[in-house]
Each structure stands twice: as C-alpha cells, then as structure tokens.
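J.: Build the 3D model from these lines:
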Amino acid sequence: MNLFDYTYDLVRQIPDGNISSYGAVAEALGDKISARAIGRMMNQNPNANTMPCYKIVYSNGGLGGFGLGIDDKVRRLNEVNIKVEKGKIVDYKSVFFNGFKTNYPLKKLRQEQIDLSKKINLKDGFKKIKAVAGIDVAYPKNEFDYACGACVIMDYQTKEIIEKKTIFWETNFPYISTYLFYREFPVIRELVNILKSEPTVFMFDGNGVLHPYGIGLATQAGITLNKPSVGVAKNLLYGNISGNVVKIDGVKKGNAFYSSKRIKRPIFVSPGHKISFDSSTKIVKKLSKFKIPEPLRQAHILAKKTIKSKIR
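T.: Coordinates of the predicted model:
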C-alpha cells in the first residue's frame with residue numbers, strides 16, 4: 001500500500017480552525033510507533049497548499065518543524081484561525097482534532113505479520129548450499145520516491161561472484177521500525193524476479209526472527225519467497241545480549257557475531273525462514289572477510305555505486 005498517500009489523506013481531514021499531532025496521526029495509522037515517520041512524511045510533503053502539513057504539531061502544543069520555515073507555518077496557521085504565541089498553539093486542547101476516519105492500516109499489517117509468523121520454519125530447508133545471495137536496498141539522499149535494490153550471488157565454496165543485479169523501484173512506504181518488510185519488499189520482489197541464478201540461501205540487510213513479533217524483514221521475505229533466508233543487522237534494535245546470544249523476553253532470537261578479534265562491535269545474525277540458528281551463523285562466518293558478510297557487503301557497495309552513477 002502507499003502509506004504516504006494514506007497519511008496525507010488523513011491530514012486533509014483536519015478542518016480549518018483545528019490542528020492535530022504527530023502522535024494522533026500515528027494512532028490513526030494504527031500504531032503509535034509510527035509517530036517519528038509522520039514527521040518525516042510531513043517534511044517530504046510535495047505541496048503544503050494541497051496537503052496541510054502545517055496543521056500537524058507536537059502534543060504539547062509546540063509547533064514542530066516545517067520545510068518552508070517556522071514563520072511560514074505560523075502564517076498558514078493564522079490564515080485558518082489558529083493562534084500562535086511564543087512558539088505554541090493558543091488553547092491547544094480546544095482546537096485539537098483526532099476524529100480521523102481510518103481503517104488503521106498498520107494494525108492490519110501487524111495482524112498480517114502475526115498470522116504469517118505461524119508459518120516460520122527454523123529447520124534447514126536444503127541439503128547442500130551451492131550459492132548465497134546478498135540483497136541490499138539503498139536510498140539516494142534527499143530523494144524519497146525511489147530506491148535501488150542490489151543483489152550479489154556468491155558461490156558458497158569458492159566465494160566467487162556468480163551474478164550481480166540492480167534495479168530502481170518506487171518506494172511508497174516510509175521507514176517504520178518493525179515494518180521494514182513493507183518498505184523494502186516491493187524492491188526485493190522485483191529484483192529477485194530478474195535473477196538468472198537460483199541461490200540456495202538469501203541473506204538480507206535486516207532482522208530475521210530477532211524482532212518483537214518474531215518476523216523481521218528476512219523472515220517475512222523468506223516466507224513470501226518460500227526460500228531459506230538469513231537476517232544480518234548492523235545494530236541491535238530489540239533484545240538483550242547474553243554472551244553471544246541475543247534474547248527477547250528470555251527466548252533466543254539471534255547471535256551477536258564478530259568476524260574477527262579486531263571487530264569491536266558485532267553484527268546480529270538471526271534465522272529468517274527454512275534455516276536453523278546454527279546454519280545461519282555458520283554461513284555468515286564462512287562468507288565473512290570483513291565485518292559484514294561478503295554477499296551483503298558487495299551488494300551494498302553495488303547499490304551505492306549504482307545510485308551514484310544515476311545521480312551523475
């Protein structure tokens with residue numbers, strides 16, 4: 001779905017003479033975790049005359065940001081009979097609006113994740129690993145409507161590159177923590193469709209079961225593609241480390257991995273789908289020359305290089 005358009009339509013519901021907050025719009029989307037993304041979407045609004053992003057402020061009455069400048073935001077608010085004094089909305093509670101008509105799309109997507117999580121298989125869905133694909137999705141600076149997906153497939157034994165592919169694809173979903181699949185999978189799907197080789201395992205720049213609902217990007221993509229998948233995350237967004245094991249609510253969800261003693265900060269490896277914890281870490285270890293395993297590292301380099309050449 002196009003969450004940008006849906007959010008902009010919500011903001012258009014705010015009557016003149018009223019304002020709303022980032023948090024209220026996030027709740028109308030169905031998950032308060034999206035509040036920060038609301039701010040980014042307001043900043044990316046292409047036309048403040050047709051989508052009144054200036055009506056979105058902080059929940060304490062503070063004005064928040066505005067791409068055209070705070071003075072212009074105040075001017076626009078005054079024109080719809082909203083008073084501002086000392087950087088805050090006057091009588092905030094009396095002009096606050098949260099009567100959005102919505103079907104709570106994020107709530108539906110969360111339920112979709114919960115339902116799909118019942119299909120997770122953490123047993124190896126292969127007998128022999130022939131090739132591993134690393135997939136990375138990168139975004140140009142100051143461009144919000146497209147992304148570059150890159151895939152590098154490596155022979156598991158020789159570590160030679162078998163195939164490289166890139167694709168540019170439209171993005172219509174902002175980054176929201178725990179919903180990365182919905183932002184990146186449209187790009188990934190089209191990228192996988194143009195591959196000539198058939199990798200045994202897919203490696204994704206994101207989490208597998210190391211996720212509050214047990215279904216991160218690598219897991220959801222693995223289920224959707226029906227392929228063995230591994231998640232490799234650069235940062236620990238969820239869970240606690242005990243030794244080299246990462247747990248959420250006391251349950252093992254991944255491993256902290258150091259490719260060498262020189263590495264000070266680990267990456268976080270978790271199985272996605274149709275693969276075990278042990279095999280996930282074994283594959284990453286075998287294919288790691290630097291901090292990031294080579295299929296992913298090479299895919300990231302390729303994506304950035306491709307973006308740079310397009311901008312030129």
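J.: For the longest helix belonging to the chain, what is the distance to the chain centroid?
T.: Using DSSP state H, we find that the single longest helix of the chain is helix 294-311. Centroid displacement of helix 294-311 relative to its chain, using C-alpha atoms, centre = their mean, to the nearest Å, is 18 Å.
J.: Which secondary structure elements does that helix sit against?
T.: Other elements packing on helix 294-311 under the criterion 3 or more C-beta pairs under 8 Å, 6 or more residues apart in numbering; DSSP states H and E are strand 131-138, strand 146-155, strand 161-170, strand 201-205. C-beta: built from backbone N, CA, C; applies to glycine.
J.: Point out the most buried one among those strands.
T.: Comparing the helices and strands packed on helix 294-311 by mean neighbour count (mean count of other C-beta atoms under 10 Å), strand 201-205 ranks first with a mean of 28.
J.: and the next helix or strand after that one with strand 131-138, angle?
T.: The helix or strand immediately downstream of strand 201-205 is helix 217-225, counting by DSSP states H and E. Interaxial angle, helix 217-225 versus strand 131-138 (axes from the mean of the first three to the mean of the last three C-alpha atoms, to 10 degrees): 120 degrees.
J.: Tell me how the protein divides into domains.
T.: 3-103, 119-311 (automatic domain parsing).
J.: And the strands in this structure?
T.: Applying DSSP state E to the chain gives strands spanning 20-21, 56-57, 84-85, 88-89, 131-138, 146-155, 161-170, 201-205, 229-233, 240-242, 245-248, 251-257, 267-273.
J.: Gly62 versus Ile82, what's the distance?
T.: Distance of Ile82 to Gly62, given as C-beta to C-beta, to the nearest Å: 13 Å.
J.: So which of the two has more stuff around it?
T.: Ile82 (21 against 12; other C-beta atoms under 10 Å).
J.: ok, back up a step: and the helices and strands packed on helix 294-311 as TSV, adding distance to Arg76 and mean pLDDT?
T.: Compiled in TSV, the helices and strands packed on helix 294-311 are given as follows (distance: least, C-beta to C-beta, whole Å; pLDDT from 0 to 100):
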stretch	distance to Arg76	mean pLDDT
strand 131-138	35	97
strand 146-155	29	96
strand 161-170	29	96
strand 201-205	39	98
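J.: Could you export the ones you listed to a markdown table, including columns for distance to Gly87?
T.: Shown next, in a markdown table, are the helices and strands packed on helix 294-311 (distance: least, C-beta to C-beta, whole Å):
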| stretch | distance to Gly87 |
| --- | --- |
| strand 131-138 | 37 |
| strand 146-155 | 36 |
| strand 161-170 | 37 |
| strand 201-205 | 40 |
